[in-house]
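Colleague: next come a sequence and a model predicted from it.
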Amino acid sequence: MRFLLRCIALFLLLLKVCASTHAQGTSNKGTEFYTAYMDHNNGSGTSGTQSSMNLYITSDVSTTGVVELADGSSPQPFTVTANQVTTVLVPYSAFLGNLSGKAPSSKGIHITAQRPVAVYAHIFANSVSGATLLLPVNTLGKDYTSINYTQKSNAALNNPAYNSFIIVATDDNTSVQVTPSATLISGEVAGQSFTLALNKGEVFQGLSADGTDLTGTHIKSVSANGVACKKIAVFSGSSRIYIGNCTAKTSDNLFQQVYPTSSWGKNYISAPLSSRNFDVFRVVLSDPATVLKINGNLIPATSFTSAGYYEFTSKTPNVFTADKPIQVVQYAVTQGTSLTCATISDIGDPEMIYLNPIEQGLDHVTLYSCPRYSITASYINVIIPSTAASTFKVDGAAYTNFINLANSTYAYAQIKVANGTHNITAGANFNAIAYGFGSVESYGYSAGTDLKNLAEQITVTDSTTKQVLTSTACSDQRYKLQLTLPYKTSQIKWDFKDSTAAVYQNNPVSKDTVINDNPAYIYSYTGAVNFKKGSHAVVATVFKPGADDCGSNVDIEFDFNVVDPPPISFAINNFCLGQGTAFTYSSVVDSTVTNTYDWDFGDGSLHGTEQNPVHTYATSGDYKVVLSVTSSTGCSNVSAPQAVHISKKPKADFSYSSPDCNNVSIAFKDASVDPEGNKIISWNWNFGDGSTSTDQNPVHTYAKDSTYLVKLVVANDKACQGDTTTKNLVIHPTPVADFTAPDICLNDGKEQFTNTSDFKGDPQTGFAYQWTFGDKFATAANNASTAKDPQHAYTKAGTYTVTLVITSPFGCISSVATKDIIVNASTPTAAFAVNNSTMLCTANPVIFQDKSTKSTDDVITKVVWHWGDSSADSVFPKDSIHTNGQYRHLYTFAATTPTAKTYTVTLDEYTGLTCISTTTQTITVNANPVITLTPPVSVCQEASPVIIPADQHGFIGNGVFSGDGISAGGIFSPYKAGPGKHTINYVFTTNTSECTYSQTFDIVVNATPVLTMPADFKLLEGDTTTLKPTAVGDSLTYQWTPSAGLDHDNVLSPLASPTNDTRYTLTATSAKGCSVSASVFITVLKVPKVSNTFTPNGDGVNDTWHIDQLDRYVNSTVEVFSRNGEKVFSSLGYSVPWDGKYNGQDLPAGVYYYIINPKSGRKTMSGWVTVVR
């Protein structure tokens, strides 16, 4: 069942009609439409189950219009944006309901637009909807046959469904003759004609009851009172219907606009609806004498119903041929229906599709495969001449999976497509339907039709191309008019519906021929005609011999649109040889048409077909370019030749400076030339290292040595770019000078310089060295050297600046390497002190204070410490010597025995290679104690205080704890500390050396749950109560004891129904294992057991009235009455049983009435007790 918006599927189909060569003429695009709100089984209104009617209006151009009822009420202006859809809700007052009868209704729906539009009407309710493509007034006819289906549905008996047709007049004084094929519910009898008098927009709706079928109802416009026949619109359908040969299941309404009989054809081909078990077909005859063949088999006349149709089921393609016009209808059956009536698991729902004859084919269609609602599979069935199958395309891609029909020149395809818009085209006319299925959902429609009268028609032919005009002509183009009739006429009146006078042809001469096996007579208009841009119509009024119901004169109309040829102008950019010359179509393109382009570039190459092509010329020179543009309307335009000169390319060249070393600026010099003498104005350099430049003569520095491919591209002032010129440039490495030289003293003699330069992988041959020693006391010759590793003897103490420059064999010069060296005069005096020398512990580094001395101008060049343990010596070169003189060293050894160790520490102080001073001291280092603590990681808050064990391993001293909840002696109280993480500190100090041990650790105290129990209470025996303690804690678990009398013993609030007094204890345990317990006592008040007799005779046995369990009801009351109603006993509570006395005197034996009110929620008890004496 097609739900709301069961596919505004037709719309882009409609846009096809709007924008293609079938845009007007006899297509479904127009400026005036009529329809009506046909009966729907759900009624009409705003509730979720009632029906509504929408109009969906679209166009390829923006326009405005009005939707109104025939009486002029409820006008609704609308605006359409090109290629968009506008939705108009039809007023509910337009609903025809089950109105049926001769009295016309002024509820016709009139749609008018300023510019041509296409309209789709949709009557829908929840899962029951139907829709149709509306036909404009200019395509309507005067003779129709209603096509429906046998009425049966699952509609309720008190709300029956009907077969239906509606007639809408398009002009005043319209007379319509109706011959129903079934008796209407308004009384019109089957087979008896009746006449309707309708004015413009008035509607007649015919309804027939369940089991009937209005197929074959003949509806025609007739002449009356001297008024000619008028065009009418006819719609067929059902308010709800089931299609299939089995018991009615789900059903749907049908709503389709009927094609005029004049547009019927003689040849049809059908293809099965994909994925369905079978289809139902009806073939409706225009003439009972029609000879019909299906798949070459003659259908006997006895196979046709009295309504003039033949019905059959099929699973295969079918070829229909007839000698007179017919209409073929294909029906989709209800979901789950099979030919054998067995239930199957297919998907879909009823649908009625009017097929188009082969004679009314199209060569391109744009359609929409709709996903709404719940459509899961969409298809397109295509019927096409076999010879054109190879030209068929879907969305621009070739589709060749066609199946040739046996004994036919046609082929068919069932194409599964995705939801959305699809364009189908071919090199010849084809027929197509679009449809889709979902669970109890479907849609289906014919994918466009030409709707021309196949017997009477005007043909407009281009005088030059001889092409027959279908809908669009070109302005100022000469055309030839021809009129085709199935009879000879004695007069033709040609009316162009403009300011020109009508042209009469009396006794015109015809060309006799045969069309579709029928005689035809072709009449030509005198001379050629041309038109200006705009909408045009040609009406030929002819005298028809043998007057019919419409009289002797017949109007034959052809509407068409005249457009200007496409404007033509273009621009050219880039006139350079070997480069793409860009051609740009610069005219304004009409968005409603599609242009094709033919570019002649003047060089004999293949023509370009893009709108804006780029063409590369093979040789330089002068060319003439011509552009031809043809729009989708068929109108063409050709440009005047435009001259193009293709220039030769400029030639790039360059040179560069030397030496070519990395990190050295290299100058590039342009040497490019232009062979045509044009000025070179741009340079694009690529230096091969990722760097570029647009300077004419750039300077570039390479960071790394390598071989680089340098590229240059130049362009001249004509925007011509030359080929790329490349040259390999070898960049040699620039060496990096470096050296080492120790600081010395005068006693060391000569300073040795060691060359540590980076030669960048080159062999160390051919390099030149230039040293300067910075010695102002030396001669010029002695103050320099060209050796690789020279020596120099300094004669005075001081600081000297030494430099080195090296040059590679390729001329690459290093930067200057500079270092200061120190020459000291004398030897220093080494000395040091030990901080806290009597309190040295292994846990702390020993601090040594350098107290060495030197001459004022000397510099300590190195300090070396020999620590006296197994660790390596510490060497501190000049730049690492501590400026504060402090040096630290950590001595470690096992903290058992001995508890102290002695070390010999030596200090060396240098002022040169041989100028050294040494001093030595002995130190004693005490072992730090090691204490082992075993604290708990976590404890519960309710736990008892715990002692933190401390193993001192024989060390004598004092340990102190500090932190939350812990005493100095190490007793930790979880309750005092409280929930959370607590950091505990511990410090142990030895008695002798005061060396310490410290440790910090965490103890987590997990919160104890908080549990609150209700107060003790009493419970009547047999009653159930919910125990409602409260508990606060993390991820608690629960355990009740005892479990007897509880529905669960592991929940917080169980149901309790103890049979005896019970104390229930609840233990709540957190995720960390912390628990708390609390209890509640329940006193069970059992039902008092009343003795019905007692013997107060003083023998000590049964002397009092015993009431078991009543003593537990402390607030109970007991009253005893004699037979005459006198109260003889009463008590509050029953701690003292009744002894059969009243006021101290024995009561006589007998029966007494008692009333016992236990209270505490138990009902009052009453009865009789017998006193026996």
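Modeller: Yep, it's here. Numbers count the residues shown, from 1 in each chain.
Colleague: how many residues are close by residue 542?
Modeller: 23 (other CB atoms under 10 Å). Where C-beta positions appear, they are placed from N, C-alpha and C, glycine not excepted.
Colleague: so the nearest residue to it once chain neighbours are set aside versus residue 661, what's the distance?
Modeller: Distances taken as CB to CB, 6 or more residues apart in numbering place residue 489 nearest to residue 542, at 4.4 Å, with adjacent residues excluded. Counting by CB to CB, to the nearest Å, the gap from residue 489 to residue 661 is 103 Å.
Colleague: residue 852 now?
Modeller: Taking CB to CB, one finds residue 852 at 49 Å from residue 661.
Colleague: and the two? which has more neighbours close in?
Modeller: Using other CB under 10 Å, the more surrounded residue of residue 852 and residue 661 is residue 661, with 22 against 17.
Colleague: got the phi and psi for residue 94?
Modeller: phi -80, psi -10 (degrees, to the nearest 10).
Colleague: ok now do the residue nearest to residue 675 when sequence neighbours are not counted, which residues does it touch?
Modeller: Distances taken as CB to CB, 6+ apart put residue 648 closest to residue 675, at 4.9 Å, once the chain neighbours are dropped. Counting by CB atoms under 8 Å, 6 or more residues apart in numbering, residue 648 makes contact with 577, 620, 675-676, 720.
Colleague: how about stretch 388-408: buried residues?
Modeller: 388-389, 391-392, 394, 399, 402, 405, 408 (16 or more other CB atoms under 10 Å).
Colleague: do a quick rundown of the strands in the stretch 351-500 of the chain.
Modeller: For the stretch 351-500 of the chain, applying DSSP state E, counting those that start in this stretch gives strands covering 351-354, 362-369, 375-385, 393-394, 397-398, 403-404, 410-417, 420-438, 441-446, 457-462, 468-469, 472-474, 479-485, 491-495.
Colleague: what about the spatially closest residue to residue 1017 that is not a sequence neighbour, helix or strand, and which?
Modeller: Once flanking residues are discounted, residue 1017 sits nearest to residue 1082: 6.4 Å by CB to CB, 6+ apart. Element membership of residue 1082 [criterion: DSSP states H and E] is strand 1075-1085.
Colleague: model confidence over that strand, on average?
Modeller: Averaged across strand 1075-1085, pLDDT comes to 94.
Colleague: next one: stretch 884-900
Modeller: Stretch 884-900 comes out at a mean pLDDT of 84.
Colleague: show residues contacting that stretch.
Modeller: Contacts of stretch 884-900 (CB under 8 Å, 6+ apart): 840, 842, 844-851, 865, 867, 869, 871, 874, 876, 901, 903, 924-930, 953-955, 993.
Colleague: buried among the residues you listed? Make that a PyMOL selection.
Modeller: To isolate the buried members of the contacts of stretch 884-900 in PyMOL, using 16+ other CB under 10 Å:
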select buried, resi 840+842+844+846+848+850+865+867+869+901+903+925+926+927+928+929+930+955+993
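Colleague: just the contacts of stretch 884-900: which are in helices?
Modeller: Among the contacts of stretch 884-900, DSSP state H puts none in helices.
Colleague: just the ones of the contacts of stretch 884-900 in strands?
Modeller: Among the contacts of stretch 884-900, the ones falling in strands (DSSP state E) are 846-850, 865, 874, 876, 901, 903, 924-926.
Colleague: return the member of the residues you listed nearest to residue 798.
Modeller: The closest of the ones in strands among the contacts of stretch 884-900 to residue 798 turns out to be residue 876 (CB to CB; 22.9 Å).
Colleague: what's the per-residue pLDDT of the residue lying closest to the closest one once chain neighbours are set aside here?
Modeller: The shortest distance from residue 876 to any non-neighbouring residue, by CB to CB, 6+ apart, is to residue 863 (4.4 Å). pLDDT recorded at residue 863 is 97.
Colleague: correct me, but residue 863 touches residue 910?
Modeller: Yes. Between residue 863 and residue 910 there is a contact at 7.3 Å, judged by CB atoms under 8 Å.
Colleague: re the thing from before, which helices and strands sit right next to the strand holding residue 1082?
Modeller: With contacts taken as 3 or more CB pairs under 8 Å, 6 or more residues apart in numbering; DSSP states H and E, strand 1075-1085 sits against strand 1010-1012, strand 1017-1020, strand 1062-1069.
Colleague: quick one: buried residues of it?
Modeller: Under 16+ other CB under 10 Å, the buried positions of strand 1075-1085 are 1075-1076, 1078, 1080, 1082, 1084-1085.
Colleague: what about the protein, any weak spots by pLDDT?
Modeller: Scanning the chain for pLDDT under 70 picks out the ranges 1-28, 101-103, 248, 366-374, 448-450, 546-549, 551, 592, 895-898.
Colleague: and the helices in it, which stretches?
Modeller: Going by DSSP H, the chain shows helices at 10-19, 974-977.
Colleague: in CSV: the buried residues of strand 1075-1085, plus distance to residue 498.
Modeller: Shown next, in CSV, are the buried residues of strand 1075-1085 (distance: CB to CB, whole Å):
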residue, distance to residue 498
1075, 105
1076, 105
1078, 106
1080, 106
1082, 108
1084, 111
1085, 111
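Colleague: and which of the residues you listed is nearest to residue 452?
Modeller: Nearest to residue 452 out of the buried residues of strand 1075-1085 is residue 1075 (CB to CB; 95.6 Å).
Colleague: which ones are touching residue 1065?
Modeller: So residue 1065 contacts 1040-1041, 1077-1079 (CB under 8 Å, 6+ apart).
Colleague: which two among the buried residues of strand 1075-1085 are spaced furthest apart?
Modeller: Going by CB to CB, the pair spanning the buried residues of strand 1075-1085 furthest: 1075 and 1085, at 32.4 Å.
Colleague: quick check: bridge partners of the residue located most distally from the centre of the chain?
Modeller: Computed with CA atoms, centre = their mean, the residue of the chain farthest from its C-alpha average is residue 1145, at 100.4 Å. Note on residue 1145: beta-bridge partners by DSSP bridges are residue 1142.
Colleague: ok, now how distant is it from residue 1089?
Modeller: Counting by CB to CB, the gap from residue 1145 to residue 1089 is 28 Å.
Colleague: what of residue 943?
Modeller: Taken as CB to CB, the span from residue 943 to residue 1089 is 50 Å.
Colleague: out of those two, which sits in the busier spot?
Modeller: A count of neighbours by other CB under 10 Å puts residue 943 above the other of residue 943 and residue 1089, at 17 against 10.
Colleague: so what's that one closest to, chain neighbours aside?
Modeller: residue 974 is the one closest to residue 943 (CB to CB, 6+ apart), at 5.0 Å.
Colleague: touching, the one you found and residue 938? I think so.
Modeller: No. Counting by CB under 8 Å, residue 938 is not a contact partner of residue 974; they are 9.4 Å apart.
Colleague: pull up the overlap in contacts between these two.
Modeller: Shared contacts of residue 974 and residue 938, counting by CB under 8 Å, 6+ apart, come down to residue 1005.
Colleague: look at these two and report which has more neighbours.
Modeller: Neighbours per residue, other CB under 10 Å: of residue 974 and residue 938, the larger number sits with residue 974, 26 against 15.
Colleague: check contacts around the more buried one.
Modeller: Per CB under 8 Å, 6+ apart, neighbours of residue 974: 939-943, 945-946, 965, 1005.
Colleague: possible to save those residues as a markdown table with distance to residue 781?
Modeller: Formatted as a markdown table, the contacts of residue 974 follow (distance: CB to CB, whole Å):
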| residue | distance to residue 781 |
| --- | --- |
| 939 | 88 |
| 940 | 92 |
| 941 | 92 |
| 942 | 97 |
| 943 | 93 |
| 945 | 92 |
| 946 | 89 |
| 965 | 86 |
| 1005 | 87 |
